[in-house]
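Q: predicted model, plus sequence, below.
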Amino acid sequence: MTVILMASFFFMAEAQQPAQQEHEKRVYKKDGNTYVQKSLPLYLNFSTSPGGENHRLESKATKEYTNPMYLDTEGINYIRSHWAVDPKTGKTIIPQKEILFELYADGLPPVTSIRFSGAPVYRSGGKVYYGKGLSVTLTSRDGVSGVEGTNYALNASSYSKYSSPLNLNTEKEHQLHYYAYDYVGNAEATKNRNFTVDLTPAVTSHSIVGINHSGNILAPSTRFTLSRTDNLSGVRSTYYHFDDKGDKLYTSNITMAGLKDGEHTLYYHSHDNVKNHEDDKTFSFYLDRIPPVPVYKIAGDQHKGNYTYVSPRTKINFTATDNKAGVKVITYNMDGSGNNTFSSDFSVTNTSGLHYIRYTSTDNVENTSARKTLTVFMDNTPPSTGIVYGKPQFFDRDTLFINKETDIKLIKSDAHSGLQKTEYAIDGGAFKSYSVFNIPAEGHHKITFKSTDNVNNVEQVKESSVFVDNTPPDIFINFSIKPIGQRNGKDVYPNYTRMYIGATDKHCGTEQIFYSINGSELNLYSSPYSLDVSEVSRFKSKKKYEVRVVTKDKLGNTSEKTVEFYVGKD
């Protein structure tokens, strides 16, 4: 408090003080009392009749202190005579009573107090600030003759008569000078009060720290800071709230904690030190808390099995959608390698086996999706196909012989994605879908074949050569003697004739010759276990004979020939 008073005195000394009015020292009478300004000289006179001649009263005993004389006591003083005389009888009254003439000496000025009311007050740095509703009341008191008046000068070079409280509703720094004076001309030394009326609230503004995307779309990491200024008493406190929530005292950065994804409004205002309240300011924004949703697309070769199988020709594509701020970037890595920014379709590492593509997406306010993993199996190995010839078949002279009945099978396998199709072609013709097949046409043939797996890895074309032999042996029948005649259009031979059977095959050779005489069971001609028909006498009886000859080559191609003849003449 001492500092403030000293500061006030300083301002009083420094303030430009208006000249005080002149107040004459005088005598004042009221209610039968006589008041005299204490410093005035007194000359005592008396008269023997009302309105009569005045006679100066002289003093021999204290001549040097009279005419003039001065009152020594503040307040009541007495001019006295020893005993009172009854005006009617002219005798001293009993009991005796001293005669007193009261004379009030007044040498002290009034004292004025000042009161500031109706407005908040704030003191800082030697200055005093008041808010709205300020009323200044001056109260003056005097101990003897009484207060005749109080003068004040408010931001003025001359004084006015104070009559009622001063209501100050102008914002500025004010200088108030004031003093009071009494009825005998004592004037109070001028007092001074400097103070400032502050009627304007503080001004608050916000700043956005962090991400603010187009259209005031903010990130969860974005913060607000509030800047406060006040031109006079200074900022006392600042409050803020979101949406319909209660006010909070602002101390530092305002975060997005507790706010859900969506539209929001920030409200804020400040109070200055004399309780001027700023109207709420607002800032509306969208808080985007939802990360993008990335999706992948596999373009080209692919197959769903135990895994998602792809080939070296397969391309991976990513797209993402976002609820508000929009997608900023999609990143991915392959098998734990460094992150890549997705810009265009890419291929999977061309190494056979499982590959893990981990990907994520970030929007324009840095919301990042949870990392997802696309697992694919790189199948860069084509299928393998072999050829198997069924029966009959015969291999000789580096040539495989088959006939039109021989089944031809393709044996195929694939290690990963599985077989999609197997195809074959004969002698350069168009490829056909595989099923067990035969080659009907006789001659040399070249079979080409290949398989394709489920991710379109195509096997290099393989080929196999084969000779198709559909021609049975040629049968030759000879007799040991020429016919000796004809009967019924048939040759006739003597009963000692012998029959010789033979067969030749153009490609793979004769395997077996069978014969049957007159419908008997077929017998193997010339085997280690039987004699051929030329070595035994089969035609001794004189009759007609029918000999059936059947031959097979090494592929089972069969030929048959029947000969009819007679033995002996009738």
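A: Happy to help now that I have it. Everything numeric here is computed off the predicted structure, so don't read it as measured data.
Q: and the residue lying closest to Ile79 once chain neighbours are set aside, how far is that from Trp83?
A: Closest residue to Ile79 apart from its sequence neighbours, by CB to CB, 6 or more residues apart in numbering: Phe101 at 3.9 Å. For the C-beta atoms, the positions are set from N, CA and C on the backbone; glycine is no exception. To Trp83, Phe101 is 14 Å away according to CB to CB, to the nearest Å.
Q: in a strand, that's where the residue nearest to Ile79 is, yeah?
A: Yes - judged by DSSP: H, G, I helix; E, B strand; the rest coil, Phe101 forms part of a strand.
Q: who's in contact with it?
A: Neighbouring residues of Phe101 by CB atoms under 8 Å, 6 or more residues apart in numbering: Tyr78, Ile79, Arg80.
Q: around the last one, how many other residues sit close by?
A: Neighbours of Arg80 under the rule other CB atoms under 10 Å: 8.
Q: please apply the same query to the second one.
A: In terms of burial, Ile79 registers 12 neighbours under the definition other CB under 10 Å.
Q: and the pLDDT at it?
A: On pLDDT, Ile79 comes in at 92.
Q: how about the one helix or strand it maps to: buried residues?
A: Using DSSP states H and E, Ile79 sits within strand 75-81. Across strand 75-81, burial judged by 16 or more other CB atoms under 10 Å covers Asn77.
Q: please apply the same query to stretch 474-489.
A: Those would be Ile475, Ile477, Phe479, for stretch 474-489 by 16+ other CB under 10 Å.
Q: same question, stretch 305-314
A: Under 16+ other CB under 10 Å, the buried positions of stretch 305-314 are Tyr307, Thr308, Tyr309, Val310, Ser311, Pro312, Thr314.
Q: now, which of those sits nearest Thr349?
A: Each of the buried residues of stretch 305-314 was checked against Thr349 using CB to CB; the closest is Pro312, at 9.5 Å.
Q: leaving out sequence neighbours, find the closest residue to Asn456.
A: Asp301 is the one closest to Asn456 (CB to CB, 6+ apart), at 4.7 Å.
Q: what's the distance between the most centrally placed residue in the chain and Lys260?
A: Residue closest to the average C-alpha location in the chain (CA atoms, centre = their mean): Asn367, at 2.4 Å. Separation of Asn367 from Lys260 (CB to CB) stands at 14 Å.
Q: give me the common contacts of the two.
A: What both Asn367 and Lys260 touch, as defined by CB under 8 Å, 6+ apart, is the set Arg289.
Q: how about Asn380, what does it touch?
A: Per CB under 8 Å, 6+ apart, neighbours of Asn380: Ser311, Pro312, Asn350, Thr351, Ser352, Asn457.
Q: Ala119 and Val136 touch, don't they?
A: No - counting by CB atoms under 8 Å, Ala119 does not reach Val136; the two are 9.8 Å apart.
Q: those two: which is more packed in?
A: The residue with more neighbours, out of Ala119 and Val136, is Val136; 23 against 20, by other CB under 10 Å.
Q: A helix includes that one, no?
A: No - checked against three-state DSSP, Val136 lies outside a helix; its state is strand.
Q: mind checking pLDDT for it?
A: Val136 is assigned 98 on the pLDDT scale.
Q: do the same with Ala13
A: For Ala13, pLDDT reads 40.
Q: what about Met69, distance to Ala219?
A: 94 Å.
Q: compare those two and say which is more crowded by neighbours.
A: Ala219 (20 against 14).
Q: who are the contact partners of the more buried one?
A: By CB under 8 Å, 6+ apart, the neighbours of Ala219 are Gly210, Ile211, His213, Met256, Asp288, Val365, Glu366, Asn367.
Q: distance to Ser49, pLDDT and secondary structure added to those residues, as CSV?
A: Below are those laid out as CSV (distance: CB to CB, whole Å; pLDDT from 0 to 100; DSSP: H, G, I helix; E, B strand; the rest coil):
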residue, distance to Ser49, pLDDT, secondary structure
Gly210, 104, 96, coil
Ile211, 108, 97, coil
His213, 109, 96, strand
Met256, 103, 97, coil
Asp288, 110, 98, coil
Val365, 111, 97, coil
Glu366, 113, 97, coil
Asn367, 114, 98, coil
